[in-house]
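Q: return atomic coordinates for the entry below.
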Amino acid sequence: MAKDTTRFVCQSCGAVYPRWLGRCTTCNAWNSLVEEAAPRASAGKGRPPAKAGAAKPIGEIPADDVVARHQTGIAELDRVLGGGAVMGSVTLLGGDPGVGKSTLLMQALSGLARKGKRCLYVSGEESAGQTAARAKRIGAPEDHLYVLAESDLGVTLDVMRELEPVAVVIDSVQTVRAPELESAAGTVSQLREVAARLVDKSKRDGVTTFLVGHVTKDGSLAGPKVLEHVVDTVLAFEGERGQAFRTLRAQKNRFGSATEVGVFEMTQGGMREVPNPSALFLAERPRGASGSVVCATSEGSRPMLVEVQALVSRTGGGAGRRTATGTDAARLAMILAVLERKCGLELAASDVFVNVAGGLRVDEPAVDLAVALAVASSARDRPLDPSLVAFGEIGLAGEVRSVARAEARAAEARAMGFTTLIAPDTTRTVAEALRRTDLIR
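A: Numbering: from 1, shown residues only. Predicted coordinates for the structure are as follows:
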């Protein structure tokens, strides 16, 4: 009888070591090695030689021009998925605890169940009663929607084989355990095995599968990157705990664009779609206040207007702080340097705070010009024209560079009633933009 052996596996990258180390030498993560039982070697001298596959010239293989999809009834979710949930696809949804991942996916299954499609919700963290209570709160139909409170992968696959659902939610993949492995649920070996078998089941039977994943403190999906590689789509559900707004972004999508974003509002009855995000983010914009500028941003194919706020305050001594919420802090430091060098603003001894109102995060460089105008407005304590919209990337030479989808951004601004536009087509430098708004002479 073979002797049981153990190994140490990094829970961040999946590297394997024969003994414990304080730091993984592959990904440099500290205290990430966990002892697991090594897989037993199979009996026999080895696998039989593989048979020649039925390889064909690529010209003889018909292309799948039309991808079969399920419409979930949630337009914002279908938009991010590329037009609906693809049959036989596996989607990984990550987000902070309490952001609304389970609620969103329960609503998606409810939309499919209302069309007479059999769906299964597998909960490994909550009881069947807790899951049913959430379903009733959002008005889920009582027919065609099944709930299973189980963390055993074998039992889950047996139920899927018996029910033959068209869509399945696994909440969450870190709680499901394959009994053939001796390691605990959530370890690298368990995640690999569980994900591989669920992907195989989905591809073979055409089942649309959603996996809920935990996230780490920095917001990235917990577990090895192999989990993100084996699935077809990776979605991130984001939102501040104190904000009612939520954004759904695609970080990977084999069946559509990975740049789309969906906007939701958390309510007592579940997630409510926001068809006009611009009106939502500008609803509480102050009038006549300095340091407030409207920026035309673009998320995928959707242009949106957001409010960029800035506050500049003298420190009274020492270097000033630079804090950015909802935008890139490194670009803020660069913009402040350009304002000092090219526009003559003295900001070194001032605290500068920049915030994108509403809890939305804007990472594209097109927000640079709006940030510069907001900072200059606050530093001069001069409110800007309330009908003004700005967007554009700022270069190190102080120039305003062009950005993608400028016409769509301008059209969205006109549709929302804004009449003054400061953009790469209307201004060449940051100094020129500040002179147009009377922030510098």
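
Q: for F418, give its distance to S172.
A: 43 Å (CB to CB, to the nearest Å). Placement of C-beta: from N, CA and C, glycine included.

Q: and those two? Which one has more around it.
A: Taking neighbours as other CB atoms under 10 Å, F418 and S172 compare with S172 leading, 23 against 20.

Q: didn't that one look like it was pressed against L227?
A: No: counting by CB atoms under 8 Å, S172 does not reach L227; the two are 11.5 Å apart.

Q: overlap of the contact sets of the two?
A: Contact criterion CB atoms under 8 Å, 6 or more residues apart in numbering; residues shared by S172 and L227: G213.

Q: which stretches of the stretch 251-400 of the chain have low pLDDT?
A: By pLDDT under 70, the stretch 251-400 of the chain contains no weakly predicted segment.

Q: one more pass at 80, please.
A: 300, 316-318 (pLDDT under 80).

Q: mind listing the strands for it?
A: For the stretch 251-400 of the chain, applying DSSP state E, counting those that start in this stretch gives strands covering 261-267, 270-273, 292-299, 302-314, 322-325, 350-356, 388-390, 393-394, 400-401.

Q: parallel or antiparallel, which strands does the fourth one pair with?
A: The reference is to strand 302-314. Next to strand 302-314 in the sheet, as set by DSSP bridges, lie strand 292-299 (antiparallel), strand 350-356 (antiparallel).

Q: nearest to D385, of those strands?
A: Nearest of the strands paired with strand 302-314 to D385, taken as CB to CB: strand 292-299 at 9.8 Å.

Q: and the helices in the stretch 151-300 of the chain?
A: 153-163, 188-205, 226-230, 277-281 (DSSP state H, counting those that start in this stretch).

Q: for G98, find the nearest of the strands of the stretch 251-400 of the chain.
A: Nearest to G98 among these is strand 261-267 (9.7 Å), distances taken as CB to CB.

Q: for the closest one, which helices and strands make contact with it?
A: On a contact count with 3 or more CB pairs under 8 Å, 6 or more residues apart in numbering; DSSP states H and E, strand 261-267 meets helix 75-81, strand 245-253, strand 270-273, helix 277-281.

Q: what's in contact with that strand?
A: Residues outside strand 261-267 that contact it (CB under 8 Å, 6+ apart) are 76-77, 79-80, 100, 104, 239, 244-249, 271-274, 277, 280, 299-300, 302.

Q: any buried residues in stretch 315-328, and which?
A: Buried residues in stretch 315-328, defined by neighbour count with 16 or more other CB atoms under 10 Å: 322, 324, 326-328.

Q: same question, stretch 74-82
A: 74, 76-82.

Q: now do it, average pLDDT.
A: Mean per-residue pLDDT for stretch 74-82: 94.

Q: ok, now stretch 170-177?
A: Averaged across stretch 170-177, pLDDT comes to 92.

Q: now do the buried residues in it.
A: 170-177.

Q: using JSON lines, lay out those together with distance to R7.
A: Below are those laid out as JSON lines (distance: CB to CB, whole Å):
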{"residue": "I170", "distance to R7": "27"}
{"residue": "D171", "distance to R7": "30"}
{"residue": "S172", "distance to R7": "25"}
{"residue": "V173", "distance to R7": "22"}
{"residue": "Q174", "distance to R7": "20"}
{"residue": "T175", "distance to R7": "23"}
{"residue": "V176", "distance to R7": "22"}
{"residue": "R177", "distance to R7": "18"}
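
Q: OK, contacts around E180?
A: So E180 contacts E193 (CB under 8 Å, 6+ apart).

Q: give me the pLDDT for it.
A: Looking at E180, its pLDDT reads 86.

Q: now it: how far from C10?
A: Separation of E180 from C10 (CB to CB) stands at 22 Å.

Q: and for R435?
A: Using CB to CB, we find R435 at a distance of 56 Å from C10.

Q: please spell out the ChimeraX selection for the buried subset of the contacts of strand 261-267.
A: Burial among these is assessed by 16+ other CB under 10 Å; the matching ChimeraX selection reads:
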select :76,77,79,80,100,104,239,245,246,247,248,249,271,272,274,277,280,299,300,302
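
Q: in the buried residues of stretch 170-177, find the pair that's most separated.
A: So, these by CB to CB: farthest apart are D171 and R177, at 14.3 Å.

Q: low-confidence regions, the stretch 101-250 of the chain specifically.
A: Low-confidence segments of the stretch 101-250 of the chain, defined by pLDDT under 80: 182, 215-226, 240-244.

Q: now do 90
A: Applying pLDDT under 90 to the stretch 101-250 of the chain flags the ranges 142, 172, 179-193, 213-229, 238-245.

Q: that one: strands as residue ranges?
A: 119-123, 145-149, 167-171, 208-213, 233-238, 245-253.

Q: Serialize these to TSV and add fields for distance to R401.
A: Listed next are these as TSV, based on distance: least, CB to CB, whole Å:
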stretch	distance to R401
strand 119-123	48
strand 145-149	51
strand 167-171	43
strand 208-213	37
strand 233-238	27
strand 245-253	24
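
Q: so which of those strands comes closest to R441?
A: strand 245-253 (39.4 Å).

Q: what's that closest one in contact with?
A: Applying CB under 8 Å, 6+ apart, the contact partners of strand 245-253 are 76-77, 80-82, 99-100, 104, 228, 231-239, 256-266, 271, 274, 280-281, 299, 358-361.

Q: not counting sequence-adjacent ones, nearest residue to T247?
A: Among residues not flanking T247 along the chain, E238 sits closest, at 5.0 Å (CB to CB, 6 or more residues apart in numbering).

Q: so that neighbour sits right up against K101, yeah?
A: No: in this structure, E238 is not within contact of K101 by CB under 8 Å, at 10.8 Å.

Q: name the residues contacting each of these two.
A: G95.

Q: who has more neighbours, those two?
A: It is K101, of E238 and K101, that has more neighbours when counted by other CB under 10 Å, with 25 against 19.

Q: can you pull the contacts of that one?
A: Contacts of K101 (CB under 8 Å, 6+ apart): 93-95, 171, 212, 237.

Q: do M271 as well
A: M271 neighbours (CB under 8 Å, 6+ apart): 74, 100, 103-104, 107, 246, 264-265.

Q: try it again at 10 Å.
A: M271 makes contact with 74, 76-77, 100, 103-108, 138, 237, 246, 248, 262, 264-265, according to CB atoms under 10 Å, 6 or more residues apart in numbering.

Q: distance of the residue nearest to it when sequence neighbours are not counted relative to P365?
A: Distances taken as CB to CB, 6+ apart place F264 nearest to M271, at 4.4 Å, with adjacent residues excluded. Going from F264 to P365 by CB to CB gives 26 Å.

Q: could you do A132 as well?
A: Going from A132 to P365 by CB to CB gives 47 Å.

Q: go on, L145?
A: Distance of L145 to P365, computed by CB to CB: 44 Å.
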